[in-house]
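In: Here is the input, now give the coordinates:
(2 chains)
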Amino acid sequence: MTRVFIEPGNPHDISRADLEDLATLVREGQSGLAVEVSIGEEQGYGVTFAEVLRIYMDAGEIAGDTAALFAPFWIAVRWMRARWTRDKETHEGEQPRTRYVTLYGADGKKLKSVKIDTPEGEPEEIDEPESLHHRPWPPDRT
Amino acid sequence: MLHRHKRLHDQGVPVGMLDTIELGVEWFESGFRARNGRLSLPPGDDPFRGRHSVSAIGWDDGGETIHFQNSWGAWGDAGTGYMPRAYFERHVDSVFIQRSARWGPSPAAYEAFEKLGGRDAGAAIEAQVWRMLNRGEEIEDVLIEGKRHSLARFRTYSFRTQHVVDVLELRHPLRPVARCHSVLHLDTAPFKSVIQELFVLPRFRRRGYASFLEREARELAAGVGCGAIEIDLYEADARPRSKPAAVGFADAAGYSWQDRAGRRPNLEAVARRTLAG
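Out: Numbering: from 1, shown residues only, chains lettered A, B, ... in the order given. Just a heads-up that it's a prediction; the model follows:
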């Protein structure tokens, strides 16, 4: 079974209950996935202005099926956009925090990344140079 | 410390050369939307968002508000914010003072680069590395004895006395060959500049490097309104073999000598020249 981990960049940004809701959406959106929420410890100082969500996927079994590979990612993007929209409606006249959603493969390499920051909250794919730092698989979190 | 920070910055020492005061801050949701970066005490239901780090850069309201630099681009007041005393007392859990240090260029660093990459292959990389690590230098090409040299200038300050220090360094072609540290005393009347270090590597002496740097230091001093410039002669440079050269150098440059024995630093004499007002 293909494993998927959902992890917030900042453990204090998104509640476990909210992340579990997202995990349920991902399971319902695509069968055959083992989806887990992974929340790490706070690491030192350095809150970011952006709210970051990482999706880790052991994509080996479905590597040939692009739609299946990216389905959990796009579900997460829609979910993050809904958070952005809610934020904007709650605080009228203020630009909400930027949101990032990034998908990593089992080898720790970044597969796709999206930024939500336009005035309308339209997700934009971002293509930044690959970092030399690859994230560990599976994320060793509690 | 913030007073000193502000004074040195006003006197032209770039921020990158100054100590920084890092505050470890508990951050709350309301802080992301703080108007003009003005933090206020979070209400009880304000979600905690983690510990953040900001740099104190000044104060306001007679010391009741800390002005800080954030790292979030245009957030707040052009990237800066304001923290009232009550927020500091309840939600700052650490304060670090960070002292800047320059990484070369130095003869030792140059030797290390040569060993790593070789003179030809490494020269451009070496210059890039030095400049990258030591931002804030102004560099210009100068001709001395018909040969092209680089003159690097940067402004920093003395950890010991907290005075502004102008550093001048000659490089040929990229190797440091001579250096001058002139300390600006902007708290005296009239202002004065004191050359505390004037050094030429032994095999580059008697080529006019020291005279060139002394003239540059004098122009810099005059440029900030100094009424006099002095050269300290230390005990170590006042031995029978070296003292005549030091005295001859200062005499030729129009200085007059005053004995001024002192300890820590171990001074023997001071050469002084009045600058035109």
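In: roughly how far out does whichever helix or strand B:Ala271 is part of sit from the chain middle?
Out: Assessed by DSSP states H and E, B:Ala271 sits inside strand B:267-274. How far strand B:267-274 lies from its chain's middle: 24 Å, per Cα atoms, centre = their mean, to the nearest Å.
In: helix/strand/coil for A:Val77?
Out: The three-state label given to A:Val77 by DSSP: H, G, I helix; E, B strand; the rest coil is helix.
In: where do the helices sit along chain A?
Out: Along chain A, counting by DSSP state H, helices occupy A:16-29, A:66-90.
In: so what's B:Arg179 bridging to?
Out: B:Glu169, B:Phe199 (DSSP bridges).
In: Next up, the contacts around it.
Out: For B:Arg179, the contacting residues are B:167-170, B:197-199, B:213, by Cβ atoms under 8 Å, 6 or more residues apart in numbering or on different chains. C-betas here are computed from N, CA, C, even on glycine.
In: my read is B:Leu220 is in a helix, agree?
Out: Yes. Using three-state DSSP, the assignment for B:Leu220 is a helix.
In: so which strand or helix has the closest residue to it other than its chain neighbours?
Out: Excluding the flanking residues, the one nearest B:Leu220 by Cβ to Cβ, 6 or more residues apart in numbering or on different chains is B:Asp166, at 5.3 Å. In the assignment (DSSP H and E), B:Asp166 maps to strand B:164-171.
In: buried stuff in that strand?
Out: Residues of strand B:164-171 classed as buried by neighbour count (16 or more other Cβ atoms under 10 Å in any protein chain shown): B:164-171.
In: how many neighbours does the closest residue to B:Arg207 other than its chain neighbours have?
Out: Sequence neighbours aside, B:Glu145 is the residue nearest to B:Arg207 in space, at 5.9 Å (criterion: Cβ to Cβ, 6+ apart). Counted with other Cβ atoms under 10 Å in any protein chain shown, residues neighbouring B:Glu145 total 9.
In: Go through the strand holding B:Ala271 and flag the buried ones.
Out: So strand B:267-274, judged by 16+ other Cβ under 10 Å, has buried residues B:267-273.
In: helix, strand or coil for B:Gly31?
Out: helix.
In: What does the pLDDT read for it?
Out: As predicted, B:Gly31 sits at a pLDDT of 96.
In: Excluding chain neighbours, give the residue nearest to it in space.
Out: Nearest in space to B:Gly31, with sequence neighbours left out and distances taken as Cβ to Cβ, 6+ apart, is B:Leu39 at 5.8 Å.
In: pLDDT below threshold where in the stretch 51-200 of chain B?
Out: Applying pLDDT under 70 to the stretch 51-200 of chain B flags residues B:100-136.
In: residue boundaries of the strands in it?
Out: B:65-69, B:80-84, B:92-98, B:138-144, B:147-157, B:164-171, B:176-185, B:192-200 (DSSP state E, counting those that start in this stretch).
In: For the first one, give me every contacting residue.
Out: Outside strand B:65-69, the residues within contact range by Cβ under 8 Å, 6+ apart are B:23, B:54-60, B:79-85, B:88.
In: Keep only those residues that also lie close to chain A.
Out: Among the contacts of strand B:65-69, not one lies near chain A by Cβ under 8 Å from any Cβ of the partner chain.
In: Would you mind giving me the ChimeraX syntax to select the buried ones in those?
Out: A single ChimeraX command selects the buried members of the contacts of strand B:65-69 (16+ other Cβ under 10 Å):
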select /B:23,54,55,56,57,58,59,80,81,82,83,84,88
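In: Pull the most distant pair out of the contacts of strand B:65-69.
Out: B:Gly79 and B:Arg85 (22.1 Å; Cβ to Cβ).
In: For A:Ala23, which non-adjacent residue is closest in space?
Out: A:Val35 (4.5 Å).
In: no wait, B:Val224
Out: B:Leu184 (6.3 Å).
In: Show me what residue 55 is bridged to.
Out: No chain in the question, so chain A it is. Going by DSSP bridges, A:Ile55 forms beta bridges with A:Ile6, A:Leu103.
In: wrong chain, I was asking about chain B
Out: Bridge pairing for B:Ser55 - DSSP bridges - gives B:Glu22, B:Gln69.
In: and if you look at B:Thr80?
Out: Beta-bridge partners for B:Thr80, by DSSP bridges, are B:Gln69, B:Asp77.
In: Please verify my assumption that it contacts B:Gly37.
Out: Yes. Counting by Cβ atoms under 8 Å, B:Thr80 does reach B:Gly37; the two are 5.9 Å apart.
In: what is in contact with the two at once?
Out: With Cβ under 8 Å, 6+ apart as the test, B:Thr80 and B:Gly37 both reach B:Asn70.
In: For chain A, what lies in contact range of chain B?
Out: A:10-13, A:42, A:44-49, A:91, A:94, A:97.
In: Name the residues that touch stretch B:5-13?
Out: The contact list for stretch B:5-13 (Cβ under 8 Å, 6+ apart) reads B:15, B:18-19, B:21, B:57-58, B:155-157, B:162, B:164, B:184, B:186.
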